[in-house]
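Novice: what's the 3D shape of this:
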Amino acid sequence: MSSLSERMRTGLQEMPSNAAWLLSRAREPVDSAENAADSAHAGARDRRRKWSAALVDAVPGGGDSVEIRMKRARDAAERAREAEARAVEAAQESKESSDHAREVSAHGRARLSEVERETSQEVKQRVTDAQKAADEAVQRERAAAEADAEDQRQEVQAEIEGEIEDAQGQAEAAQQHAEDLVEEATERLAEARELADEAAAAAREAAEEAQRQAQELAAEAEGQASAAEAQVKAAEQIREQSKATAKRTARELQRNPSNGSLESYNKPELVELAASVGIEGRTNMTKNELVDAIARASRSKR
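Specialist: Residues are numbered from 1 along each chain as shown. Below is the predicted model:
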C-alpha cells in the first residue's frame, strides 16, 4: 500500500508536468494558440494542487479507511487522465485552428495582393482612358474655341474696318470744311484789315477834328469862364452894395421915422430886404419877425 501510494503520488505529481510538456510541444508551431495553452496550463496547475491535496488525504493516518482513500486516489487519477486528455485535445484543436488561421491569412494576403494588382491595373487603365478622353475633349474644345475666336476676330475686324472707313470719311469732310473755313477766315481777315485801316484813318480824322473842336470849345469855355467870373464879381459887388443899401435904408428908417418905418413895408418887400441883409429862414417868418430881424441885423453891422 505504501509503494502503491508512492507510485500514485509520483504519477499524479508528474501528470501536470506531462500535460504542460504536451502543451508546449503543441505551442511551438502554433502562435495563435498561445492563449488556449496558457489557459490549459493554468487549469493543470489548479488541478495539480487539488490532486496533491487528495493524495495527502490518502496518506495513512487519516480518519477514513485505506480502501476509501484508495478509491478517492483512483477517482482523482481518472479525473487527471480525463483532464490531460481534454488538454491534449484542446491543444490539438488550437493547433488546427492556428493552421486554419494561417491558411486563411495566407489566402487573404494572396487575394489582397491579387486585388491590389487588379485595382492598380484598373486605376491605371481608367486614368489612361480619362487622360485620353480629356486630351480629346481639350482638342475639341480648343478647335471650337479657335473657330469662335476666328469668327469673332473677323467680325471685329470688319466692324473696325467700317469704323475706320467712316472715321476717314469724317476726317476728310472735316478737313475740307476746315480748309473752307480757313479760306473764309482769310478773306474776312483781309476785309477786316481793310476795314481796320479805314477805321483807323477815320479815327485819325475824327481825332483831329475832335481835337480841333476841343480846342475851340476850350477857348470858348475859357472865355465863358472869364465872363462868368466877371459876372460873379459884379453880382458880388451888387450884392454887397444891396446889403449896404439895405442896411443904410434900415438905419435911416429907424433914425428918421418921418420918411416911413419898416412896418410900412409889406411882407414881400420885407422878405426882399431881409434877403439883402443875409437873414436866413426869412420866408417862414411873419411880418413882425422880419421887422425885428432886419432891425437887429442893421444894428449889429453898424
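Novice: average pLDDT across stretch 177-189?
Specialist: Confidence over stretch 177-189 (mean pLDDT, whole number) is 87.
Novice: can you show me the CA trace of that stretch as CSV?
Specialist: Output of stretch 177-189 as CSV, limited to C-alpha atoms (Å, rounded to 0.1, in the frame of the first residue of the first chain):
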residue,chain,number,x,y,z
HIS,A,177,-14.7,122.0,-94.0
ALA,A,178,-11.6,123.3,-92.2
GLU,A,179,-10.0,124.4,-95.4
ASP,A,180,-13.2,126.2,-96.4
LEU,A,181,-13.3,127.9,-93.1
VAL,A,182,-9.6,128.9,-93.4
GLU,A,183,-10.2,130.3,-96.8
GLU,A,184,-13.3,132.2,-95.5
ALA,A,185,-11.4,133.4,-92.5
THR,A,186,-8.5,134.6,-94.7
GLU,A,187,-11.0,136.6,-96.8
ARG,A,188,-12.6,138.0,-93.8
LEU,A,189,-9.3,138.8,-92.2
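Novice: please renumber the chain so that the first residue is 44 from this point on.
Specialist: Will do, 44 is the new start, and the previous item becomes stretch 220-232.
Novice: on the three-state scheme, residue 205 is what?
Specialist: helix (DSSP: H, G, I helix; E, B strand; the rest coil).
Novice: so how far is residue 266 from residue 272?
Specialist: Remark: distance between residue 272 and residue 266 (C-beta to C-beta, to the nearest Å) = 11 Å. The way it works is simple: take the backbone N, C-alpha and C, and place the C-beta from them, glycine included.
Novice: again but with residue 163, I slipped
Specialist: For residue 163 relative to residue 266 (C-beta to C-beta), the value is 136 Å.
Novice: same thing with residue 158?
Specialist: 142 Å.
Novice: tell me the pLDDT at residue 312?
Specialist: With respect to pLDDT, residue 312 has a value of 89.
Novice: so what's the residue count around it?
Specialist: The number of residues packed near residue 312 is 13, by other C-beta atoms under 10 Å.
Novice: quick one: list the elements packing against the helix or strand where it lies.
Specialist: Secondary structure here is read from DSSP states H and E; on that basis residue 312 sits in helix 310-319. If you count contacts as 3 or more C-beta pairs under 8 Å, 6 or more residues apart in numbering; DSSP states H and E, helix 310-319 packs onto helix 109-298, helix 330-343.
Novice: show me what counts as buried in it.
Specialist: Within helix 310-319, the residues that count as buried by 16 or more other C-beta atoms under 10 Å are 313-314, 316-319.
Novice: tell me the pLDDT of residue 293.
Specialist: Residue 293 is assigned a predicted lDDT (pLDDT) of 59.
Novice: hang on, I meant residue 286
Specialist: Reading off the model, residue 286 has pLDDT 61.
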